[in-house]
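Novice: sequence and predicted structure, then a few things I'm wondering about:
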Amino acid sequence: MAVDHNKYKGGMESGMNKAVNRFKKIVDKIIPIYAIIPLLFSFGLGTALYRIIMSNGGSWYHYNFQTSLDEKIPVMSIWMYVYFGCYLFWAVNYIITARVYRDDSDMFYKFIFADILARIICSMIFIVVPTTIKRPKIQINTFSDRLLAYLYTIDEPTNLFPSMHCLYSWMSFAGVRHSRKVPKWYKIFSFIFAVMVAASTQFTKQHYLVDIAGGFLLGELSYQISLYSAGYKVPQKLFTWINVRLFGRDRVYVKSNGNKI
């Protein structure tokens, strides 16, 4: 019996397309399809710039911004749980930001533009004003002490101003604070947690006080620039073009003023 290979191949392709579309629908329920590439790009850009600076800045002169007030802040390793826990906070809030602006591409891309802008400016400051910190010796008595000691082994005491922990935490708060879809209690929580992250950078001796101010101010400045400028249209057009070709126009839910692209 002859087998119709074209029909068999067509059936396989049809089955694969259905499976892919089903997967897209599942993912889209968690995070809008159109937001995935922009978020990954922003994260990848920040990581790449940081690694490049770290690999080339070892011989640079590094400034120390320690003050008498910094010296009075004690080491409290229990804050390591907040310091490490903020990574989950960032991921959740960035996803929430994408979800609440599913039907408003302008606001989402204003957030993305602000995030990218902040990461670029932050990297430029690291180059122009390299900084360092004097870390204390850790007496290991608890599990949180072990976490802090481990942190010191994997993280070089450089590139401190502005604090990226504070920068990303402020961006996480900024992303949700204007949306009516986000409950007021969660906006308050996001602000409080961002402040707690700032505190954790002090009690773990990862940053000086000026680094907190730098991180928060840079995040807010970048966000305000994005809100009141047309700069967001550049990433909006670029990522929309990419998304339509990767995921198809019917799966790219990008709307502005209620109109699907």
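Specialist: Cool, the structure landed. Numbering: from 1, shown residues only.

Novice: pLDDT weak spots in the stretch 101-250 of the chain?
Specialist: Within the stretch 101-250 of the chain, the segments meeting pLDDT under 70 span 250.

Novice: swap in 50 and give it another go.
Specialist: Nowhere does the stretch 101-250 of the chain drop to pLDDT under 50.

Novice: mind listing the helices for it?
Specialist: Along the stretch 101-250 of the chain, counting by DSSP state H, counting those that start in this stretch, helices occupy 105-128, 143-154, 164-177, 184-203, 209-227, 233-247.

Novice: quick one, which of those helices is packed in tightest?
Specialist: Highest mean neighbour count of those: helix 164-177, a mean of 25 (counted as mean count of other CB atoms under 10 Å). Quick note: C-beta positions are derived from backbone N, CA and C, even for glycine.

Novice: contacting residues around it?
Specialist: Helix 164-177 is contacted by residues 46, 50, 83, 86, 89-90, 93-94, 96-97, 100, 111, 114-115, 118, 122, 182, 186-187, 190-191, 193-194, 197-198, 200-201, 206-207, 211-212, 214-216, 218-220, 222-223 when judged by CB atoms under 8 Å, 6 or more residues apart in numbering.

Novice: so which of the helices of the stretch 101-250 of the chain comes closest to Val75?
Specialist: helix 184-203 (6.6 Å; CB to CB).

Novice: how distant is the closest one from the center of its chain?
Specialist: Centroid separation for helix 184-203 versus its chain: 15 Å, with CA atoms, centre = their mean, to the nearest Å.

Novice: quick one on the thing from earlier: in a markdown table: the helices of the stretch 101-250 of the chain, plus distance to Val27.
Specialist: Output for those, formatted as a markdown table (distance: least, CB to CB, whole Å):
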| stretch | distance to Val27 |
| --- | --- |
| helix 105-128 | 16 |
| helix 143-154 | 31 |
| helix 164-177 | 20 |
| helix 184-203 | 23 |
| helix 209-227 | 26 |
| helix 233-247 | 10 |
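
Novice: check which helix or strand covers Phe84.
Specialist: Using DSSP states H and E, Phe84 falls within helix 80-100.

Novice: let me know the average pLDDT across that helix.
Specialist: Average pLDDT, helix 80-100: 97.

Novice: name the helices or strands packed onto that helix?
Specialist: helix 33-56, helix 105-128, helix 143-154, helix 164-177, helix 184-203 (3 or more CB pairs under 8 Å, 6 or more residues apart in numbering; DSSP states H and E).

Novice: need the ones you listed in CSV (columns: distance to Phe23).
Specialist: Converted to CSV, the helices and strands packed on helix 80-100 look like this (distance: least, CB to CB, whole Å):
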stretch, distance to Phe23
helix 33-56, 10
helix 105-128, 22
helix 143-154, 35
helix 164-177, 26
helix 184-203, 29
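
Novice: what's the closest of those helices to Ser229?
Specialist: Closest approach to Ser229 among these (CB to CB): helix 105-128, 8.4 Å.

Novice: report the angle between the closest one and helix 209-227.
Specialist: Helix 105-128 and helix 209-227 meet at an angle of 140 degrees, taking axes from the mean of the first three to the mean of the last three CA atoms, to 10 degrees as the criterion.

Novice: mind giving me the packing neighbours of helix 105-128?
Specialist: helix 33-56, helix 80-100, helix 164-177, helix 209-227, helix 233-247, strand 255-256.

Novice: need the ones you listed in JSON lines (columns: distance to Val129).
Specialist: Output for those, formatted as JSON lines (distance: least, CB to CB, whole Å):
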{"stretch": "helix 33-56", "distance to Val129": "12"}
{"stretch": "helix 80-100", "distance to Val129": "23"}
{"stretch": "helix 164-177", "distance to Val129": "14"}
{"stretch": "helix 209-227", "distance to Val129": "10"}
{"stretch": "helix 233-247", "distance to Val129": "27"}
{"stretch": "strand 255-256", "distance to Val129": "39"}
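
Novice: can you say which of those is nearest to Ser144?
Specialist: Of all those, helix 80-100 sits nearest to Ser144, with 4.9 Å by CB to CB.

Novice: can you tell me what sits against the closest one?
Specialist: Residues contacting helix 80-100 (CB under 8 Å, 6+ apart): 30-32, 35, 39, 108, 111, 144, 147-148, 151, 165, 168-169, 172-173, 175-176, 179, 181-182, 190, 193, 196-197, 199-201, 204, 206.
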